[in-house]
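*Asks:* only the shape, not the letters, is given here:
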RNA sequence: GGUUCCUUGGCCGAGCGGUUAGGCACUGGUCUGCAAAACCAGGUACGGCGGUUCGAGUCCGCCAGGAACCUCCA
């Protein structure tokens, strides 16, 4: 199984067999959030995608070191020459220390990712805590002659790089095109050429986030933190680099250029990019202002939401699409996901009600094989889920008595459902908190249903229906069986 | 303008040359006092036009429409 995982590599634009540099170990670096705003649905996608990846790799017995950064410096707005740091800008706006802003949104990010059942990475380095490492990378690049100083700032020399290395191998861009297609250069530009990018930026007097360096008091450039921190925690070269497709260019391209000069090799061997979540076919994003925060999804407090959605509905919704496809948000799609997930969750709870027989009409081995094959095929979670729904049908049929299963197969079925649904897809199917874990409530409900049963025996349908309807209004779903009834909270 | 990619049934979404993806919704049946749930059954879609092939949503070309990136963005 381990030697059959195929991953789509953006570098080659092909699915490739995954082979780690060091057997049994995987080094994974994923671009995390810039903490200057509340986490929205778009942030959930890479978090869940790479959570699925680490869960699966871990299941395959790899020892995974998962590094996901927190960007709390850098990421200039507008043109580099007049850019303003996003965190600093927000801080000024809210009259806070920049670190207060970063801390606040970092906490929020952690909280909501936790609700989505996203496991913490092994290391979560902050850019602000790695300025020294970033300065070292700059020095290394300057020493090798691929960067130049200009007015206290340091820029990466893309033209020179392109003479000796393949600039654009990830995004397919050509330097000449970049030069000719860039808008008219700012007259005061400190850059020699349009595609050059800042490694170090001299701070304007009003700029509050600043560190000393041999060039100026300033701050590190956009793309540097990932080069510096991946090197520190994963080495000169590691296995997988992940992030959103919108980071492909220029961020990851620049990262490759920096690290290649610094270490003499491309930093990661497999580059994975998750696609965007869209709203009406358009990317959900901070700048477009069409994003819905996770808090809003969970409370329903947004004009575009018809209702609140549970975190697991959101997770299921995202996993129902392949990570490399765009996923269009709509209430209808989310409501469909909610119902589908509920059916899956219900079936999971019902496995315990199945009676084993001495013969199986179901083939568990094929089911298992199908599930693994789906995951091994570039993490095809929608196909995996399709197979899981086949199992749901099987479970329901077993309860309905139209199929049979042996004790051995039943245990295997139970194990596999838990493995794929809970452990690997990370879907929390527990319905405890939702089902009233109050013993007294159970007793009262049982009493009520017993009374109703007596009414039914007397053919007092009016009163029996009244009880059922009103319980329904309160939020209890009543399912009548042939002899007794069961209930659950909706 | 450049680079990359997408267009599948009522909706969401798989599919990588040849047999039903799956979910939601819908229709009929079974069960039920009636419902609900569940089970059984049902609808045959692939933007347009050419081409390759015994055979094409699936490969190639052209056209139409859309998206992402080329400024920060997951």
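*Replies:* Thanks, I have the structure now. Since the model is a prediction, treat every value here as computed from it, not as a measurement.
*Asks:* and the spatially closest residue to residue A:71 that is not a sequence neighbour, how far from RNA strand B?
*Replies:* Residue nearest to residue A:71 in three dimensions, not counting chain neighbours: residue A:34, with 4.2 Å by C-beta to C-beta, 6 or more residues apart in numbering. Placement of C-beta: from N, CA and C, glycine included. Residue A:34 sits 4 Å away from RNA strand B, going by C-beta to the nearest atom of the strand, to the nearest Å.
*Asks:* need the phi and psi values for residue A:34.
*Replies:* phi -90, psi 120 (degrees, to the nearest 10).
*Asks:* tell me the contacts of it?
*Replies:* Contacts for residue A:34 (C-beta atoms under 8 Å, 6 or more residues apart in numbering) come out as A:71-72, A:75, A:86-87.
*Asks:* could you pull out the strands for the stretch 1-150 of chain A?
*Replies:* Counting by DSSP state E, counting those that start in this stretch, the stretch 1-150 of chain A has strands at residues A:6-9, A:14-17, A:25-30, A:63-68, A:147-150.
*Asks:* which other helices and strands contact the last one?
*Replies:* What it means is strand A:147-150. With contacts defined as 3 or more C-beta pairs under 8 Å, 6 or more residues apart in numbering; DSSP states H and E, strand A:147-150 has these neighbours: helix A:131-143, strand A:153-156.
*Asks:* swap in the second one?
*Replies:* In this structure, strand A:14-17 makes packing contacts with strand A:6-9, judged by 3+ C-beta pairs under 8 Å, 6+ apart.
*Asks:* would you mark the buried spots in the strand it packs on?
*Replies:* A:7-9 (16 or more other C-beta atoms under 10 Å).
*Asks:* hang on, the earlier thing: right, so of the helices and strands packed on strand A:147-150, which gets closest to RNA strand B?
*Replies:* strand A:153-156 (12.3 Å; C-beta to the nearest atom of the strand).
*Asks:* close to RNA strand B, is the closest one?
*Replies:* No: Strand A:153-156 lies apart from RNA strand B when judged by C-beta under 7 Å from any atom of the strand; the minimum separation is 12.3 Å.
*Asks:* mind checking how far the nearest residue to residue A:112 once chain neighbours are set aside is from residue A:362?
*Replies:* Spatial nearest neighbour of residue A:112, excluding adjacent residues (C-beta to C-beta, 6+ apart): residue A:294 at 4.2 Å. Computed with C-beta to C-beta, to the nearest Å, the distance linking residue A:294 and residue A:362 is 38 Å.
*Asks:* and the residue of chain A found nearest RNA strand B, what does it touch?
*Replies:* Proximity of chain A to RNA strand B (C-beta to the nearest atom of the strand) peaks at residue A:244, 1.7 Å away. Counting by C-beta under 8 Å, 6+ apart, residue A:244 touches A:31, A:42, A:45-46, A:273-274, A:276.
*Asks:* okay, and the beta partners of it?
*Replies:* Beta bridges link residue A:244 to residue A:274, judged by DSSP bridges.
*Asks:* need the winner for burial among the strands of the stretch 1-150 of chain A.
*Replies:* Across the strands of the stretch 1-150 of chain A, averaging neighbours per residue (mean count of other C-beta atoms under 10 Å) puts strand A:25-30 on top, at a mean of 24.
*Asks:* domains in chain A, by residue range?
*Replies:* The record, using automatic domain parsing to delimit domains, assigns chain A the ranges A:21-274, A:279-424, A:439-489.
*Asks:* which one of those is the most hemmed in?
*Replies:* Mean neighbour counts for the domains of chain A (mean count of other C-beta under 10 Å) peak at domain A:21-274, with a mean of 19.
*Asks:* now do that one, average pLDDT.
*Replies:* If you average the pLDDT over domain A:21-274, you get 90.
*Asks:* run the chain-centre distance for that domain.
*Replies:* 18 Å (C-alpha atoms, centre = their mean, to the nearest Å).
*Asks:* what's the end-to-end length of it?
*Replies:* 23 Å (C-alpha to C-alpha, to the nearest Å).
*Asks:* RNA strand B contacts on the stretch 101-250 of chain A?
*Replies:* Near RNA strand B, when you scan the stretch 101-250 of chain A using C-beta under 7 Å from any atom of the strand, you find A:171-174, A:177-178, A:181-183, A:222, A:243-250.
*Asks:* inside strands: which ones of these?
*Replies:* Judged by DSSP state E, these include A:243-244 as members of strands.
*Asks:* mind listing the helices for the stretch 151-300 of chain A?
*Replies:* Secondary structure of the stretch 151-300 of chain A (DSSP state H, counting those that start in this stretch): helices at A:158-164, A:175-181, A:224-234, A:253-263, A:294-299.
*Asks:* tell me which of the ones you listed lies nearest to residue A:358.
*Replies:* helix A:294-299 (47.1 Å; C-beta to C-beta).
*Asks:* show me what that closest one is packed against.
*Replies:* helix A:41-59, helix A:98-115, helix A:311-319.
*Asks:* for residue A:430, find the nearest of the domains of chain A.
*Replies:* The nearest among the domains of chain A, by C-beta to C-beta, is domain A:279-424 at 8.5 Å.
*Asks:* what's the span of that closest one, first residue to last?
*Replies:* Note: domain A:279-424 ends 28 Å apart using C-alpha to C-alpha.
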